[in-house]
Structure formats: structure tokens, C-alpha cells
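K.L.:
Attaching a predicted model along with its sequence, questions to come.
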Amino acid sequence: MNATLNELFEGVVNGQNEIVQQKVHEALRSGVDPVVILNEGMVPAMAEVGRRFEEGEFFVPEMLVAARAMQCGLGLLKPHLQEGEVKSRGKVAIGTVKGDLHDIGKNLVAMMLEGSGFEIQDLGNDVPPEKFVEAARSGANIIAISALLSTTMINMKDVIEALDRADLPNTVKVIVGGAPLTEGYAKSIGADGYAPDASQAVSITKTLLA
Amino acid sequence: MKHRERILTALNHEAPDRCPLQVSFTPEFAERLRADLQVKGQRDHNPHGGGNTYELERALGEDMLLVSVGWANSYYQQSGTYTDEWGITWKPIEYKTPYGVGHYTEPTGHPLSDDKEINKYKGPDPHRQELYNDAEHVIRDFKDEYWIVGVTVTTIFECAWALRGYERLLSDFILNPDFADQILEIPYNYHLTAAKKLVEMGVDMIWIGDDVGTQSRMLISPKHWVHYLKPRMANFIAELKAINPQVKVAYHSDGFIYPIIPELIEIGLDVLNPIQPASMDPARLKKEFGHKLCFWGSIDEQHTLPFGTPEDVRAEVHTRLKTIGENGGLIIGPTHHVQLDTPLENFWAMVNTVTQTKYADL
């Protein structure tokens, strides 16, 4: 990795917007391929953020500022990327379940997935089952549902049943997560995957789409 | 044993006749319980305006009564969307359970989301006499019999994030530390004033707290907790104990906060609440910290109470009494307001097992 990309990597990991902006410009000016800037400077940085989170070095604030720096860099880079040049790993439609307004977990999962090369359709919070079905119909490969409460977690089953009933043209997989959930509960409602945190949500999504 | 004597004994790390009990409810569960018990409720009280009434609490045999002053009273304040006296906007959100529809209110609008607003911001006044009327009544009517707790939860961080926005304040901890400090000072000063007044009035314990734990790890790093919250919490506790050295202090945080428990003990904490068993092992906490710290809560509200059987609930209560509650040091209860998703049989299995199990028979 060249020095600029290395500094870009560090800038994303440490959530330093100004450094990220500066290094993206610098790399572009010196003729580095935008795809290389993305795939060698930025995507590995988000993977590093995930690693540090899993190892207990990073907490939610560190993840939030890193994701913000990543988005800032992506914003600068996007006009320089040709259509189709960067292949999406898949499309994820994500939201909190009906009845739940707690969205920080959902936002972190969305940020980590986006940083890993997935296309994100953020359906927001308090999302009714029909909206998830609509997203699946319009091409989402993964439906990701989050819940903080034991009182709302039970609504996840409605989404999975609605998807089963919907006669979709494509295969769609469902991943679930949130404080009261367990692997066993996820299985019992027919989810394809469960992740206890944002970093592991990325690995499970990659596995399901492999 | 009188209720307050039972709590005092437990907090003195000795086994009372039975384990002391404290339970709170969401409004819809309280309605169901009121009908079941045929207790007429007067107006709700706190904390979080959940649906507790002193009639209901006394009918259950609870041992301590709570009275709250502070931002937490903004929960369930009105129907529909509303803005509280801090300028924070709240939105109601419904959930369905097998027993009917319940609702929560959640902060969705944040008056300090724009940096410029901080210079103009004026929070509510904690000196208003009417804020303390309930405390005056509960101390006058019940202190002889019950342990009275002054509640100033959502003490610093939670109220601060509601003012600023959750993700904004968490990011400020890294990107804008001075600004974060400025915001944290607002609820800190308000709740400290309220807590001091409650101690002067004669409450037995002050309940402070901020949720800084997630299910399996801390929300913020222990380093950030030590930097931003520990010095404020330390001073908070010291000022209360300077007024009355006998006053006890309880601290609430949901989730996993294991790394900061020694820090809390160091700054003079007496009681830790609510000990979510899926996040931290109650028996381990007792073993490691039980000689210096008492506990309050510990009955699982994520799985056992809503989804377990009455037998599961009884077994969990017995396990707690023999582990985290061994030889006192525990005020038992659910780890959150009992929600509408809890079957009444499970609720009664919890209450009756606690009230009918004598320490001597364990």
C-alpha cells in the first residue's frame, strides 16, 4: 500500500474526516485508480474497525466516527468511480422491526455493511412487514431486521412469514439481531442468520451471499 | 420485620427474614394487575411514570417506595407526540403482545442537535417547590414503615444524549470533547440539585444512573466513562453523603458494565441495579464484589418473565436468593418495568416466591 493510502486507512480507522478528505484528494491527484483507493485504502479500514470492535478496543463512539469518515471519503470518491466499476457485494434492506424506534444498532450494522461493499437500502425504524416485502421484491438480497425490546422482537416472525407468503422472484435471506435476541430465537422464527453485533453481521451477510 | 428494617438489614450485608422486593410496571401491565388485584389506583407515580401507584406497590408487599424528580419523569408524560420542559420531543410507539397493546414513549427530537443552540439553551429550574410535593407526602406518610428512595436516574449521560441526539453525543465524546462536557453539565447540575434537596428532606437512598451498557459489552469505553462520567458521579455521591453520611446511593445501568464496577465502588456506591442476568452473571458479581456492594434487581425480563413458565420463574428466584442474594445484600426484582408481554402467572410466581421464601429455609 502506498503512503497516501496508508494514511487514508489510518484516517478512516481513527474517524478523522479532514485527513480522509485530504488523502482522497491527494491520491486522486497523484493518479491512483479510484477503485484502488476504495478497495485498498478504505474498505480494509472498515474491516479493521470491525476487528477492533470485536477485540474490545473500539466501542460505539469509535465505530460511529470511523463510519462517518468512511462516508465522507466515499462521497468524494463516488464521482470518480465509473458505473459498474465497483461491483456491489449485494443489496441489503435494513430496518428496525414494527414497534421499535431504537435504531443505533441498525445504523451501525448498515454502516459496517456499506463499508464492506454492500449496497444499503435503509428502511428506517418502526418498519411494517409490507415494507420489507417491497424491498425484497425490488431486488434486496438480504433483509436485515433489528429489535431492542422483547415486546417488539416477536414481530420479526411476521416479517419472515410475510416474505414467505410473498412469492418473490428472487431468493432473499433474512438476518436478525438486537439485544434480546439469541441464535436459538433466530432459528425458531426461521431467520437465515443471527449476529450479536455489527461486525459479525458483516461476516454472516458475506457467508449467506457467498 | 418492617419493610424498611428488611431493606436496612439486607443493605447491611445480613440476611433479613425474607429478601426485600421492588417491582415497577409499564402502565398497561399496571392496569392488568390493578384489575387482577381489584386495587383502585390513585394517580401514577414514577420512576419513568411507568404506572406504579403506592397502593399497588404496598398491596404486593414491596419494601421500598420510590419518588422521582428529574428528566425521567418526562416518560409517559402525555399522549401523542409532546415536547417536555427540557425542549425534548417525545413520540409514542405501540407494541402488540398476547395480552393487548402496550406503548412506550421515546425521545425523538433534540434541542441541542445544532451546536449553536447551546449558548441560548435554558434548562428547567430544579428549585421549584412543586417538584418535591410527592416526596414530602411519601416521606411523611410512609417513611416509618418503608425505605424511601429519591430517584434522579438518567442523571447525566442519558438526559444529555436526549438533549443532543444519541449518535451526536457519542461522536462528540471523540470529536468534540469540550462540547460534550458542556452538555453533560446541564443534567448533572439539575439532578444534583434535586438529589441534594431529596436527601435534605429525608429520603433513605438516592437512585442515580445512566445506561452505558449494551447486551454484552459497554456502549462507551471504560476510558470514556472514567473521563466523562466518573468524576461527576464521584462528586454527586460525595455531595449527597456530605449532607447525610447514612444515605445510600444506588446506580442503574442496563446491560454489561462489568469493567466499571470497581470504579463505582471506589466512588462510594452502595447498590448496583438492575443486574441483567443475560449480560452479567449475578453469582460472579456476588463473589467478586459482594463484600463491598449490594445489588438490586436480577430477575430476567428479556426471557424468563415474558417467555418462561411459572416454574422457570420460581427456579430463577431461588437461584438468585442462593447466589447473589446469599446472606443478604440483595433487593430482588425484575430488571426493568414489568411489561405487558409478561403472563400474570409468571408475575405472581415471582412475587409469591419472593414473599413466601424465608432466608432461614434456604
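P.N.:
That came in fine, so what should we check first? Residues are numbered from 1 along each chain as shown, chains lettered A, B, ... in the order given.
K.L.:
residues contacting residue 153?
P.N.:
Because you didn't say which chain, this covers chain A. Remark: with contacts taken as Cβ atoms under 8 Å, 6 or more residues apart in numbering or on different chains, A:Met153 is in contact with A:Val97, A:Ala147, A:Gly178, A:Pro180, A:Leu181, A:Tyr185. For every residue, glycine as well, the C-beta is placed using N, CA and C.
K.L.:
sorry, should have said chain B
P.N.:
B:Pro47, B:His48, B:Ser68, B:Gly70, B:Ala72, B:Trp207, B:Ile208, B:Gly209, B:Asp210, B:His252.
K.L.:
Mind giving me the PyMOL select for those, buried ones only?
P.N.:
Selection of buried members from the contacts of B:Val153 for PyMOL, criterion 16 or more other Cβ atoms under 10 Å in any protein chain shown:
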select buried, chain B and resi 47+48+68+70+72+207+208+209+210+252
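K.L.:
Report the secondary structure state of the spatially most central residue of chain A.
P.N.:
Against the mean C-alpha coordinate of chain A, by Cα atoms, centre = their mean, the closest residue is A:Leu113 at 2.1 Å. Following DSSP: H, G, I helix; E, B strand; the rest coil, we place A:Leu113 in the helix state.
K.L.:
how much space between it and A:Ala201?
P.N.:
7 Å (Cβ to Cβ, to the nearest Å).
K.L.:
list the residues that contact both of those two?
P.N.:
Taking Cβ under 8 Å, 6+ apart as the contact criterion, the residues that touch both A:Leu113 and A:Ala201 are A:Ala144.
K.L.:
tell me the secondary structure for the residue of chain B positioned farthest from its centre?
P.N.:
The outermost residue of chain B, judged by C-alpha distance from the chain's mean C-alpha position using Cα atoms, centre = their mean, is B:Lys116 at 32.7 Å. Per three-state DSSP, the secondary structure class of B:Lys116 is helix.
K.L.:
do B:Glu31 as well
P.N.:
Of the three states, B:Glu31 takes helix under three-state DSSP.
K.L.:
Now the two most distant members of the contacts of B:Val153.
P.N.:
Greatest spatial distance among those (Cβ to Cβ): B:Ser68 and B:Asp210, at 15.0 Å.
K.L.:
ok, back up a step: show me which of the contacts of B:Val153 is closest to A:Glu83.
P.N.:
When those are compared for distance to A:Glu83, the smallest value, 47.3 Å, is given by B:Asp210; criterion: Cβ to Cβ.
K.L.:
Spatially nearest residue to the closest one, not counting backbone neighbours?
P.N.:
Of all residues not flanking B:Asp210 in the chain, B:Phe157 sits nearest, at 3.8 Å (Cβ to Cβ, 6 or more residues apart in numbering or on different chains).
K.L.:
contacting residues for the one you found?
P.N.:
With contact set as Cβ under 8 Å, 6+ apart, B:Phe157 has these partners: B:Leu169, B:Leu184, B:Asp210, B:Asp211, B:Val212, B:Tyr228, B:Leu229.
K.L.:
do that again at 10 Å, thanks
P.N.:
B:169-170, B:173, B:180, B:183-184, B:187-188, B:209-212, B:219-220, B:224-225, B:228-229, B:232-233, B:253 (Cβ atoms under 10 Å, 6 or more residues apart in numbering or on different chains).
K.L.:
how about low-confidence regions in the chain?
P.N.:
You didn't pick a chain, so chain A it is. Across chain A, the ranges flagged by pLDDT under 70 are A:1.
K.L.:
actually it's chain B I care about, not the one you picked
P.N.:
When residues are selected by pLDDT under 70, those of chain B lie in B:41-50.
K.L.:
Okay, helices next: where are they in chain A?
P.N.:
Under the criterion DSSP state H, helices of chain A are mapped to A:3-13, A:17-29, A:34-36, A:43-54, A:60-77, A:104-115, A:129-137, A:150-153, A:156-165, A:183-188, A:198-209.
K.L.:
For chain A, see how far away the closest residue to B:Pro27 other than its chain neighbours is.
P.N.:
Here the nearest residue to B:Pro27 in space, its sequence neighbours aside, is B:Gly51; by Cβ to Cβ, 6+ apart that works out to 3.6 Å. Counting by Cβ to the nearest Cβ, to the nearest Å, the gap from B:Gly51 to chain A is 14 Å.
K.L.:
That's all I had, so thanks and see you.
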